[in-house]
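**Student:** Any chance you can model this:
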Amino acid sequence: VCHIPFGIDIDVFSKKINNNQKKRICIGTVKALEEKYGINYLIEAFSKVKLQEMDTELIIIGTGSLFDKLIELAENLGLKNSITFIGRVSNNDVVKYLHKIDIFVVPSISESETFGVAAVEASSCGIPVIASNIGGLPEVVEDGETGMLVPARDIDALADKILFLIRDKNLRTKLGINGRRYIESKYTLDKCGKMIEAVYSKIMQTSI
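**Tutor:** Numbering: from 1, shown residues only. Predicted structure coming up:
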């Protein structure tokens, strides 16, 4: 069995330009709003973050069967004015929203999360990623190097990591730079394409 990672266009998912005048920290995610992606845990964690760091916001990009329930959860937690549900956006527009985000979160709760494409795209943009330590996410998020891993479903741990990055701008910058370099070294279209070519070449040679 040969596992070939999903390659992305690092020219499209370009490094965001940091705005030194910006004060409000934007936390965000890009995911289908389905049970296995744990968006409700992110909202619960954000409610704890908001109690300590008022100048923060959360944007959630994507749609799904839980869209209305997640909006209701946000409203019940008093976060109606602090969380923006963007809904579905085109693939071409995803990077526009990524460039608004300071901390990217992937709170998945299912082992079926085999490869974190959204995490790779965020890292390519130079954004630090906090992700659940589950499925294939540890493959694309290096704990302490390009982002941070937390136990799935652990609201307190997730809130703590978000708060930690909010309060350490230098660490956010460092993880973002490392993340971009990591994607450049492993997950570009060119590198993944060459891996596919090598597999086909090997198959052809053995079949002759």
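**Student:** From Met54, how far off is the spatially most central residue of the chain?
**Tutor:** The chain has Ala119 as the residue nearest its centroid, 3.7 Å off, counting by Cα atoms, centre = their mean. As judged by Cβ to Cβ, to the nearest Å, Ala119 and Met54 stand 27 Å apart. C-beta coordinates here come from the backbone N, C-alpha and C atoms, glycine included.
**Student:** Thr63 too?
**Tutor:** Taking Cβ to Cβ, one finds Thr63 at 28 Å from Met54.
**Student:** I figured the residue nearest to the centre of the chain hits Val140, correct?
**Tutor:** Yes - using Cβ atoms under 8 Å, Ala119 is in contact with Val140, at 5.0 Å.
**Student:** What segments of this structure are helices?
**Tutor:** 39-52, 67-76, 91-98, 117-124, 137-140, 155-166, 169-186, 189-207 (DSSP state H).
**Student:** Highest mean neighbour count out of those helices?
**Tutor:** Greatest average neighbour count among those goes to helix 117-124 (a mean of 26), per mean count of other Cβ atoms under 10 Å.
**Student:** what sits up against that one?
**Tutor:** Applying Cβ atoms under 8 Å, 6 or more residues apart in numbering, the set of residues contacting helix 117-124 from outside is 6, 8, 10, 13-15, 29-31, 94-95, 98, 101, 104, 106, 129, 131, 137, 140-141, 146-147, 176, 179-180, 182-183, 187.
**Student:** Repeat the analysis, applying 6 Å as the threshold.
**Tutor:** 6, 8, 10, 13, 30, 98, 104, 106, 129, 131, 140-141, 146, 179, 183, 187 (Cβ atoms under 6 Å, 6 or more residues apart in numbering).
**Student:** Now the buried members of these.
**Tutor:** For these, a neighbour count by 16 or more other Cβ atoms under 10 Å gives the buried set as 8, 10, 13, 30, 98, 104, 106, 129, 131, 140-141, 146, 179, 183, 187.
**Student:** ok, of these, which one's closest to Ile71?
**Tutor:** Each of the buried ones among the contacts of helix 117-124 was scored against Ile71 by Cβ to Cβ, and Val30 proved nearest at 17.1 Å.
**Student:** does the closest one really touch Ile61, like I thought?
**Tutor:** Yes - using Cβ atoms under 6 Å, Val30 makes contact with Ile61 at a distance of 4.4 Å.
**Student:** Restricted to strands, list the buried ones among the contacts of helix 117-124.
**Tutor:** Val30, Phe104, Val106, Val129, Ala131 (DSSP state E).
**Student:** out of those residues, who's nearest Glu72?
**Tutor:** Val30 (21.1 Å).
**Student:** what's the spacing between that closest one and Lys169?
**Tutor:** 23 Å.
**Student:** Ok, Tyr41 next?
**Tutor:** Taking Cβ to Cβ, one finds Tyr41 at 25 Å from Lys169.
**Student:** Can you pull out the low-pLDDT segments for this protein?
**Tutor:** In the predicted model, the chain carries pLDDT under 70 at residues 1-6, 19-21, 189-208.
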